[in-house]
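1. A structural model of the following input is requested.
(one chain, ligands or ions: 1)
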Amino acid sequence: MFEDLKPAPADKILALIGLYRADERPNKVDLGVGVYKDNAGKTPVMRAVREAEKRLLADQDSKSYLGLAGDTAFNEAMAKLVFGANADTTRIRAAQTPGGSGALRLVAELLKHARPDATVWVSDPTWVNHIAILRAAGLQVREYPYFDAETGTVRFDAMLAALKGAPAGDVILLHGCCHNPTGANLDASQWTAVAGLLVEKNLLPFIDIAYQGFGDGLDADAEGLRIVAAKVPEMVVAASCSKNFAVYRDRVGAAMVMTANAAQADIASSQMLAGARTLYSMPPDHGAAAVRMVLQDPALRADWQAELEEMRQRMLLLRQRFAEALRRQSNSDRFDFIAGHRGMFSRLGLTESQVQRLREEHAVYMVSDSRINVAGLPENGLEELAKAVVSVLD
Ligand code: PMP
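-> Predicted structure coming up:
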């Protein structure tokens, strides 16, 4: 059966990790893989999550099944975190999923069920797994223009023009905040314009929010999503807790659907859960239970927010200081956009061969599209790093 199988193509980022590990140069810099890192290069368990886990260990009296939707209190808390503490959630249903990836797939299954010939429009570029997950669910994928590599900004007019041309009933995938891989985001007025267009053209927003709290703050990062939610009759959302609760390997996320009324929401939710049944049945409990405890307990929640805010501020400072170092080293404002970007990533706009030279000549590792993980920038080596980047420019 397996004799003719060809190996699956290697994951570019995982391959990069292997190269980085094998590199013996002491000053090597890892800007590749997409996990938050502190100044020591560690991805720690957050304090509030650790405390919640202790309580869970002490108090949990059963590991019996919870059901297809997972932890319902987690789902309610997540809907409030994403749509807002005072949001009316009567038309919204959420299902706990294995990570944001599980949420994306579950939403994709729902879309396929509701409209088998639906096309999902994704930004050019987008997180590569978006395209793979959507296609795996049998959906068509098209791209809308998004990033201008020359200026490091959003090609907003081109984006709007493409969305205007999308047929009614198509789905538009938007990054809620902290765009991966570019770091370039829509501002509030651009979100408002997009929301208006979605309503006018009868397009369904599909918002992936995987970095809430990593950009401008927990509520600020959901502002675009909330602008859209206030205008459209229906939308779908995939949320991830991997980054903002640092529970990557525990697999915590939520798929959400907002419909025209509560009765439709119940039906859509039942279809989403039927999808879960054949994909993985029920989501893993541990991480979501810890996240639920953090969100429900005022003291744990305050501590989580404080730690998340420290992480966000650290990334912001690194952005500013790296942009300044690049300004000094390049004698130009070419890289100023890095300070204006938000989230864990920025795309530097280098060619593949420049990225390769950085790796070979300077032990600086980044994805071949020149995406850097801002959290991996070395606090005490920014000037040297900027010098290396400028040295490969020509
Ligand atoms: N969406 C985006 C844009 C992401 O970058 C990621 C993680 N890299 C995810 C969703 C899903 O993350 P996870 O499945 O680990 O929660």
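2. quick one: low-confidence ranges for the protein?
-> Along the chain, segments meeting pLDDT under 70 are nowhere present.
3. quick check: domain ranges of it?
-> 12-45+303-391, 65-296 (automatic domain parsing).
4. Can you say which of the ones you listed is nearest to Ala52?
-> Across the domains of the chain, the minimum distance to Ala52, taken as Cβ to Cβ, is reached by domain 65-296, at 3.9 Å. Placement of C-beta: from N, CA and C, glycine included.
5. ok, and which of the domains of the chain has the densest surroundings?
-> Ranked by average neighbour count under the criterion mean count of other Cβ atoms under 10 Å, the domains of the chain are headed by domain 65-296 at a mean of 20.
6. gap between the two ends of that domain?
-> One end of domain 65-296 sits 22 Å from the other (Cα to Cα, to the nearest Å).
7. tell me which parts of the chain are close to the ligand?
-> 34, 99-101, 127, 175, 180, 208, 210, 240, 242, 248, 253 (Cβ under 6 Å from any ligand atom).
8. farthest-separated two in the residues you listed?
-> Taking Cβ to Cβ as the measure, the residues of the chain next to the ligand span a maximum distance of 18.6 Å, between His175 and Tyr248.
9. can you pull out the helices in the stretch 201-350 of the chain?
-> Listed in chain order, the helices of the stretch 201-350 of the chain (DSSP state H, counting those that start in this stretch) span 223-231, 262-279, 286-296, 298-330, 337-340.
10. Check the stretch 251-394 of the chain for the residue nearest the ligand and tell me.
-> The nearest approach of the stretch 251-394 of the chain to the ligand comes at Gly253, 5.0 Å away (Cβ to the nearest ligand atom).
11. so who does that residue touch?
-> Listed by Cβ atoms under 8 Å, 6 or more residues apart in numbering, the contact partners of Gly253 are 96-103, 238-242.
12. Among these, which are located in strands?
-> Among the contacts of Gly253, the members falling in strands are 96-97, 238-240 (criterion: DSSP state E).
13. out of these, who's nearest Arg25?
-> Sorting the ones in strands among the contacts of Gly253 by distance to Arg25 puts Ser240 at the head of the list, at 33.4 Å, by Cβ to Cβ.
14. Surely that closest one touches Gly99?
-> Yes: when contacts are counted by Cβ atoms under 8 Å, Ser240 is listed as touching Gly99 (6.0 Å).
15. Identify the contacts common to these two.
-> Residues touching both Ser240 and Gly99 (Cβ under 8 Å, 6+ apart) are 252-253.
16. just the strands in the stretch 1-150 of the chain please.
-> Listed in chain order, the strands of the stretch 1-150 of the chain (DSSP state E, counting those that start in this stretch) span 29-30, 92-97, 119-124, 140-145, 147-148.
17. is it possible to export the ones you listed to CSV including distance to Lys201?
-> Formatted as CSV, the strands of the stretch 1-150 of the chain follow (distance: least, Cβ to Cβ, whole Å):
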stretch, distance to Lys201
strand 29-30, 43
strand 92-97, 23
strand 119-124, 11
strand 140-145, 13
strand 147-148, 22
